[in-house]
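[1] got a predicted structure here, sequence first:
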Amino acid sequence: MLSSRIIEEKDRELYNDFVANHTEKGHILQSYEWGEIKGKGSWVPIRLLVFDDETPVAAISILQRSVPMGKTIFYAPRGPVVHIKEKKVVAFLMSEIKRIAKERNAIYLKVDPDIPIENEDWQAFFKDYGFQKPKSGSGFEGVQPRFVFRLDITPDEETLMKNMHQKTRYNLRLAGRKGVTIDTNPDRSKLAEFYDLMKVTAERDKFLIRPYSYFEDMYDYLVPKGLGNLFLAYYEGEMIAGTLLFKFGNRSWYIYGASSNAHRNVMPNYLIQWEMIRWSKERGCVMYDFRGVPGHVPPEHPLYGLYKFKKGFNGDYVEFIGEYDLVYNQLFYKLYETFEPMYYSGVRKLIRAKKKMKG
């Protein structure tokens, strides 16, 4: 008999064990800890676990945020966690989500599962349950990358190295010959210095970064539990690059990267990626995700360098099915779709104006 319950702290391990070991949909953004991190801001986490008798069979971690007029929105990053062919379980899960949405005045549920676009079963699921593609959403702060490179890291290190693009392999070895070293177990006190590198990178590449407190939360909730790790590259005693990695179950994700404007010719970013792959392999991971790329782009594209860098490690290029919204209130959804992009556009302009005044 199917049943469900909202998961609290006492059942953290039960929830995490199911999600982490799910063969189809386990993801760090559906972990209990990710809900805690987002809960430090404007989101309220809701973790739902579905049971068949006493055995967990489906899960979803929903982030709830309040919006004007007493309404809320739901977002399940990389969820739900369920075998999509188990029709009865899927139907029960969706009915329970709808019940909770009604109780909490939710306008809609947004999902963006890391499912390849070719997957027909998931496409049918979205159609059957009335999900729709959002017309906007560029300002939605939780949106995940649509295109990624993923690397099967089950082969031995020699094979992984051999499979890389020749230039990637050369740059990786060059970093070692030049004397670049990678600290794979830095003290937490180094986090602030890493964040300083993030600010340098953001200034150079013209993107916005989250406040330092957000990085502190990610470190404190994940790294001590083995769900994340900080990697730092040094050259002649100076920190010149850093990365933040997430790990959950047998998968790992490269999340944030930063680098100095100095000594870029010693290629620290190649060596640090390799050390993250090795670290992941040592801890039983079978998949390493390089995260977002802009899709197939021509050489003149401003992000072609990022695409080429990640492609050089010979991972599989994957396009996910993208975002889908399940609407519970069409009227408020249309209003939100209209005004939400305007709101975030205004916020971005305000942040940029403040930065110009400071600088």
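    Received it, and whenever you're ready, just let me know what you need.
[2] identify the bridge partners of K71.
    Using DSSP bridges, the beta-bridge partners of K71 come out as V67.
[3] just checking, it touches A106?
    Yes: between K71 and A106 there is a contact at 7.3 Å, judged by C-beta atoms under 8 Å. All C-beta atoms are positioned from the backbone trio N, CA, C, and that covers glycine.
[4] list residues touching both of those two?
    Common neighbours of K71 and A106 (criterion: C-beta atoms under 8 Å, 6 or more residues apart in numbering): N329.
[5] who has more neighbours, the two?
    Neighbour count, other C-beta atoms under 10 Å: between K71 and A106, A106 has more, with 24 against 19.
[6] relative to F131, how far out is the more buried one?
    14 Å (C-beta to C-beta, to the nearest Å).
[7] now do E103
    Distance of E103 to F131, given as C-beta to C-beta: 21 Å.
[8] swap in D17?
    Taking C-beta to C-beta, one finds D17 at 28 Å from F131.
[9] more crowded one of these two?
    In this view D17 and F131 are compared by other C-beta under 10 Å, and F131 has more residues nearby, 19 against 12.
[10] list the contacts for the closest residue to the more buried one other than its chain neighbours?
    Among residues not flanking F131 along the chain, Y324 sits closest, at 4.0 Å (C-beta to C-beta, 6 or more residues apart in numbering). Applying C-beta under 8 Å, 6+ apart, one finds that Y324 lies in contact with K110, V111, D112, F126, F131, Q132, K133, P134.
[11] if we take those residues, which one ends up nearest to K98?
    Nearest to K98 out of these is F131 (C-beta to C-beta; 12.5 Å).
[12] for that closest one, give me phi and psi.
    According to degrees, to the nearest 10, the main-chain angles of F131 amount to phi -70, psi 150.
[13] name all residues that make contact with it.
    When contacts are counted by C-beta under 8 Å, 6+ apart, F131 is found next to V111, F125, Y324, D325, L326.
[14] apply 10 Å and report the result again.
    With contacts defined as C-beta atoms under 10 Å, 6 or more residues apart in numbering, F131 is in contact with Y108, L109, K110, V111, Q123, F125, E323, Y324, D325, L326, V327.
[15] so the fourth one touches V143, yeah?
    So the one you mean is V111. No: using C-beta atoms under 10 Å, V111 is not in contact with V143; the gap is 11.1 Å.
[16] okay, and the common contacts of the two?
    Listed contacts common to V111 and V143 are Y75, P77, G322, E323; contacts here mean C-beta under 10 Å, 6+ apart.
[17] just give the nearest non-adjacent residue to the third one, would you?
    So that's G322. Once flanking residues are discounted, G322 sits nearest to R146: 5.5 Å by C-beta to C-beta, 6+ apart.
[18] would you map the helices across the stretch 1-150 of the chain?
    Counting by DSSP state H, counting those that start in this stretch, the stretch 1-150 of the chain has these helices, from start to end: 12-20, 32-39, 87-103, 120-128.
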